[in-house]
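Trainee: Provided below for reference: sequence and predicted model.
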Amino acid sequence: MSQENVEIVRRFLAPYEGEDLVKHMQAFVERLGPDFRPEDVLAFWAEDPSWQHVDPEIEWDSRAAGLLLARCPREMSLWLVEWLEAWDSYVNHVLEYRDLGDWVLVLMSIRAAGREGIAVDTRNYSLYRVRDGKVAVYRTCRSEREALELVGQTT
């Protein structure tokens, strides 16, 4: 089952990999904001090549990156609004998918430009948990070690 989870995470990340996520997320926010009614968000997710792989009860925890914890479609949309306030551009490339049993660890290379013109070239470690064939939990981590510790594994 865990290899299947890796494939689900890959299907979630692949559609916009290597593209500027800011333009895609701005289109989403402009189309559905400012109310972000859950039924509208879920309808958008159902037709989006990436978001169709996300559980309606997603728990999106990006507090390690200084952003929000979101636990439903409306909160996820508000998270995107906050995220867009930080970035002029944001492009990621997956370097590795790692099967950790119940979790999938993804290492990404990120090249971005912040609103203040600050260039960012970094790596990101993220954890994904799949439930019923959809990404149900996301955790951003500051390091591989932190990610492995979160899921009870050591380096």
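Mentor: Cool, the structure landed. Numbering: from 1, shown residues only.

Trainee: Is the residue nearest the centre of the chain bridged to anything, and to what?
Mentor: For the chain, the residue nearest the mean C-alpha position is residue 138 (6.6 Å; CA atoms, centre = their mean). On the basis of DSSP bridges, residue 138 is bridged to residue 60, residue 128.

Trainee: Give me the neighbour count for the residue nearest to residue 2 when sequence neighbours are not counted.
Mentor: Using CB to CB, 6 or more residues apart in numbering and skipping residues adjacent in sequence, the residue nearest residue 2 is residue 99, 4.7 Å away. The way it works is simple: take the backbone N, C-alpha and C, and place the C-beta from them, glycine included. Neighbourhood size, residue 99 [other CB atoms under 10 Å]: 15.

Trainee: From residue 64, how far out is residue 99?
Mentor: For residue 99, the distance to residue 64 equals 22 Å [CB to CB, to the nearest Å].

Trainee: ok, now residue 9?
Mentor: Residue 9 sits 18 Å away from residue 64 when distances are taken as CB to CB.
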